[in-house]
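**Q** test case, fold it:
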Amino acid sequence: MGTTDMGLRESINKHKGVAAGAMVGVAALALLMVWQFGGASSGASGSRGELYFTDDDGKSTFTGPANLLPPFDHNGKEAVRAVTFSTDGGKTQFVGYLERYTPDARRQMEKPKAAAGDSGRMVMTAPNLGVATVEVKKPGEKKWVNRTSAAGQEVMKVAAPGGGSAVPEMVTP
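**A** Model prediction:
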């Protein structure tokens, strides 16, 4: 190792509080940037910064900005994210599962936006989110389950419609 590496390591060891604070700040900034620029849901957003949503349990979809926090009101109905797949390069699409934030997670994620108010300036705070922040379910199912649970992992296993052997690929608008 070079002397520069040792100098950096020694400096970090000498100033552990400052180093830890800097790391927490960088992590908070990264979380805020992901939330602000549309990465709030689990899948990547499309080239236009939009995702698919549904207000009828996946029977139909509509597009909206990727930074929407489902569930949200859409024409008087509750809308959630519709995680959409295709087995033919996007020609035909189907909803593999639905996704929403828990009420507590949604409140936590809305705090920076509310703190900004009409000023448009975001307040640099990281949401205090636990692992149980996103729930998933298959279209037609009644029960929402934690995405990180064994049941949630099963929900997110998407198969081709009709039992075909093609591998479903996630699609975005």
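
**Q** residue 99 and residue 139 touch, don't they?
**A** No: with contact defined as CB atoms under 8 Å, residue 99 does not reach residue 139; the gap is 11.4 Å. Every residue, glycine included, has its C-beta placed from N, CA and C.

**Q** following element in sequence after the helix or strand of the chain with the lowest mean pLDDT, please.
**A** Sorting the helices and strands of the chain by mean pLDDT, DSSP states H and E puts helix 16-36 at the bottom, at a mean of 49. Once the chain leaves helix 16-36, the next helix or strand it forms, by DSSP states H and E, is strand 50-54.

**Q** report the strands that pair with the strand ranked longest in the chain, each with its relative direction.
**A** With secondary structure taken from DSSP state E, the chain has its longest strand at strand 77-86. In the sheet, strand 77-86 lines up against strand 50-54 (antiparallel), strand 72-74 (antiparallel), strand 94-101 (antiparallel), strand 169-171 (antiparallel) (DSSP bridges).

**Q** residues contacting that strand, please?
**A** The contact list for strand 77-86 (CB atoms under 8 Å, 6 or more residues apart in numbering) reads 41-43, 51-56, 58, 61-62, 64, 70-73, 92-100, 156, 158, 168-172.
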